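>>> have a look at this fold, sequence not included:
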């Protein structure tokens, strides 16, 4: 039996839902589909009925439970703070237990659970990328030449690196005496698709004199497995990451991916005290940089003559933890950036991890709203703090025909820092 | 009785993918904010007036009850399928058809969410004042059917004051229009007003013609703490006697302040036993003067402290106090009965005293807040249903609260409607003759009693 919370353990939280309907105003999926099964109130009602034995895990219930981005917007706005995202994840685990994983879920569990296989696949992908992908103009990604399982041909993807980030760097990069030591949890997005973000991370921490440890044996944080309901894989990855991240003595574990931050910082909490200690040490990169006084140091840099208009997209996994000020503080302090706020910066981009694989059409509809907000803001770049969001934002912008580029704030920070 | 053949016919009308008969789908359309649950036999999601008309013709011929539904956010069970049958939801009819800036009129479909509509008209400098607490998710169709109110009603009136005309599908499946896009119109009976607040028992609203106002240039928000509910109530009367009609005059009683203080750490002196949130709107230069005048009028009435917001962010912070009330109440007890009585403005303190006495007599906490400007009090009876006897006490208290309001010349619902929750108490307020008159209208328009049966009146 998994140590992750079972549906029964949420009985009290489920009873807290008074069916007021407030969640209807905040669910990106409901906004696209206008159907009660898509919204938190409906999902909680179904979870309640499952517990009461009024419905089984029939096809329609599976469909409704799959229609959730796990973005947590409903919980943030719920008068009674009913944790629908956690309830849906618990139902998905029950579905996986009773019905088995979906074929895509099986794929996720198989690949994520074996980092060596992931490396091999990435290298293959990287080597054949010219054959498999066609390049889009303006460095805005690649598009598949042929349809592939679970990936539509009209979707933009970042190139897969032939040499994963963690293979390029030593395990320990010493900093200055008196400065903290941090473990860098790179996550899959940075390791395989956005190694430049990893390089930028190192540059920023070098600027501050921080010692960085990049454990080679770290694995995926497990969030895609949470989303697929693959409890066993989550626990296996958690154990591997706990071992990798506690092998060195570090002051903090720092992430540059919102999802990874939630993964190792929050989701593991149910698994035991040592995982909670890991969570307590975990920091988002911008929270860490603000704590280390970086905005003040950036203010001392000369302002650029021409500044780029940049807006910010809040990744759900940071927004729902209340981390919204720090990424903006860094962006606003950058000498080459003119920060503009966009409308609905805090709504989900529509990726939702595995959600966009199962429900790409709805995911695109949600992304289209985001692309419109970015365009309305007049920004040339949309910066964020999550590789998954970068991928989705760029895809949405490309579909909308906008010329903007999606980047990680760290890339802009690296540009501003002296070599 | 709903047969497979009828389901097939419904599928022909609205398309197979908009007809649901699976258990899980029926559960999804079985509830509203009353927390009661009634399973329908089928859910249909039409996309046009013509489809609704055909559904009603079929339902009327086959004698199947139809329960129209907006967002399902009502507090009195108005949209619950109490007799099975068909839940007909207008979720898919969510287009703003026209905003006519020249005539200050808009035409919308019933499924448009109230706040979305407000934002759309505000973009072009226009204003739709009705603002029920559920405005972020409730639909305009539902607002018209229940005649929704909100804090701004004291100055601007309720939903029905902004409805110029409607398109309605009758219980027998005809399509009629009432009123129209003119500011005046006295030809025939005023069916528009009849439909507003009829709780979906006389027809299904399929289009709404809405009157708009110019958007006020600015607003100013003040939070005033009083040492007694009497001071706050006298302040309301004094302001209005002073010929000032604020946009909102919201009040919270001492018990509400205690809840909010406990839940949010709100910094309010212990001596504050009532709060008024007063907002005025209009031309910017005129607001300071008006706020000053109000402060002068209320100063002698036991004011403990006055906070005036200087920026929109400060104004938002004051409103946040009011908005945190609902969630903070759960700290008192897990279950809440939210009644929305309305009394003449001047009778608010007397009503609060009556409610306090009822609370004491039954030994259950009752927390009051609401729209003092129009005498609309939200009476929240807080109990724990799991404790034996509490539910009965609450029911007893509710009846006494209603009787108390009626004794003061009030009504048992200012804005939530009757639905099923208040149907048993109708004889307290409406005379048998008036009830018979209303039932005659219902019988004439819906001879087979298929449209939202069992609502407003208990069935004989």
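Thanks, I have it. All values derive from a computational prediction rather than experimental measurement.

>>> now do the strands in the stretch 151-300 of chain B.
B:163-169, B:175-179, B:204-211, B:213-214, B:218-226, B:248-253, B:274-282 (DSSP state E, counting those that start in this stretch).

>>> how about the stretch 1-150 of chain A?
A:133-135, A:142-144.

>>> now swap in the stretch 251-400 of chain A and tell me
Counting by DSSP E, counting those that start in this stretch, the strands of the stretch 251-400 of chain A are A:252-255, A:282-284, A:308-312, A:337-339, A:381-384.

>>> point to the helix or strand of the chain where mean pLDDT is at its lowest.
Because you didn't say which chain, this covers chain A. helix A:129-132 (a mean of 61; mean pLDDT, DSSP states H and E).

>>> chain B, not that one
In chain B, no helix or strand scores lower on mean pLDDT, DSSP H and E than helix B:325-329, which sits at a mean of 79.

>>> now tell me what touches it from outside.
A:79-80, B:133, B:252, B:256, B:259-260, B:262-264, B:336, B:367, B:369, B:380, B:382 (CB atoms under 8 Å, 6 or more residues apart in numbering or on different chains). To be clear about C-beta, it is placed using only N, CA and C from the backbone, and glycine gets the same treatment.

>>> could you rerun that using 7 Å?
Helix B:325-329 has contacts (CB atoms under 7 Å, 6 or more residues apart in numbering or on different chains) with A:79-80, B:252, B:256, B:259-260, B:262-264, B:336, B:367, B:369, B:380, B:382.

>>> after it, heading C-terminal, what element do we hit next?
From helix B:325-329 onward toward the C-terminus, using DSSP states H and E, the following helix or strand is strand B:335-342.

>>> may I see the buried residues of the next helix or strand after that next one?
Note on strand B:335-342: by DSSP H and E, the next helix or strand toward the C-terminus is helix B:348-362. Neighbour counts over helix B:348-362 (16 or more other CB atoms under 10 Å in any protein chain shown) mark B:348, B:349, B:350, B:351, B:352, B:354, B:355, B:356, B:358, B:359, B:362 as buried.

>>> give me the pLDDT for the residue nearest to residue A:395 when sequence neighbours are not counted.
Nearest non-adjacent residue to residue A:395, counting by CB to CB, 6 or more residues apart in numbering or on different chains: residue A:156, 4.3 Å away. For residue A:156, the pLDDT comes out at 78.

>>> residue A:156 against residue A:398, yeah?
Yes: between residue A:156 and residue A:398 there is a contact under CB atoms under 7 Å: 4.8 Å.

>>> contacts only, for residue 242.
No chain specified, so I'll use chain A. So residue A:242 contacts A:274, A:275, A:278 (CB under 7 Å, 6+ apart).

>>> um, chain B though
Going by CB under 7 Å, 6+ apart, residue B:242 touches B:293, B:297.

>>> that one and residue B:434, how far apart?
Taking CB to CB, to the nearest Å as the measure, residue B:242 and residue B:434 are separated by 36 Å.

>>> got the residues of chain A near chain B?
A:18-22, A:24-25, A:34-37, A:42, A:45-46, A:49, A:54-55, A:58, A:60-61, A:64, A:79-80 (CB under 7 Å from any CB of the partner chain).

>>> the same query, at a cut-off of 8 Å, please.
Residues of chain A found near chain B (CB under 8 Å from any CB of the partner chain) are A:18-25, A:34-37, A:42, A:45-46, A:49, A:54-55, A:58, A:60-61, A:64, A:79-80.
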